[in-house]
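Build the 3D model from these lines:
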Amino acid sequence: MAVKKFSSAYYVVKNMDESVAFYKDVIGLNVKFRDGNRWTQFDVNGVGVALADPSEGSVPPGGGATVVLEVDDLMAMRTQLTQQGIAVNDIVDMGGHGKYFTTKDPSGNIVHIFARS
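Numbers count the residues shown, from 1 in each chain. The predicted model follows:
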């Protein structure tokens with residue numbers, strides 16, 4: 001049987017409200033649906049990025065994969081985050097491919113912010 005489609009990726013988080021606020025209000029993702037403190041799914045142009053409480057998965061908070069979010073203006077996003085007191089790493093130049101920086105959500109999950117060259 002073949003894989004039908006990529007459904008979603010999710011992070012396990014310590015505090016759902018705090019994490020939803022980070023992804024919604026700081027990063028600017030749109031909430032698709034929320035199931036209390038158990039699960040929140042965001043829609044990123046048809047791709048699901050979700051948050052789950054520890055009961056939903058076996059990965060501890062801060063121990064999952066890394067979500068890469070592509071933006072048009074890397075410096076504007078970096079400035080927006082730093083102005084809100086969020087720590088960000090230096091920008092890494094990948095040559096002709098693009099540039100990126102990383103930050104962490106409130107649970108310690110790494111978020112990779114990328115812009116094409």
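
could you pull out the strands for the protein?
If DSSP state E is used as the criterion, the strands of the chain fall at 8-12, 30-35, 39-44, 47-52, 67-70, 92-93, 98-104, 110-116.

Starting from the shortest one, tell me which strands it pairs with and how they run.
Right, the one you point to is strand 92-93. When pairs are called by DSSP bridges, strand 92-93 turns out to pair with strand 98-104 (antiparallel).

mind checking how far the partner strand is from the chain centre?
For strand 98-104, the distance from its own C-alpha centre to the chain's C-alpha centre is 11 Å (C-alpha atoms, centre = their mean, to the nearest Å).

between it and strand 110-116, how big is the angle?
Using axes from the mean of the first three to the mean of the last three C-alpha atoms, to 10 degrees, the interaxial angle of strand 98-104 with respect to strand 110-116 works out to 160 degrees.

that older thread, would you turn the strands of the chain into JSON lines with mean pLDDT?
Converted to JSON lines, those look like this (pLDDT from 0 to 100):
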{"stretch": "strand 8-12", "mean pLDDT": "85"}
{"stretch": "strand 30-35", "mean pLDDT": "94"}
{"stretch": "strand 39-44", "mean pLDDT": "93"}
{"stretch": "strand 47-52", "mean pLDDT": "89"}
{"stretch": "strand 67-70", "mean pLDDT": "85"}
{"stretch": "strand 92-93", "mean pLDDT": "90"}
{"stretch": "strand 98-104", "mean pLDDT": "91"}
{"stretch": "strand 110-116", "mean pLDDT": "88"}
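
Of all those, which one is nearest A76?
Smallest distance to A76 across the strands of the chain (C-beta to C-beta): 9.6 Å, for strand 110-116. No exception for glycine: its C-beta is placed from N, CA and C like everyone else's.
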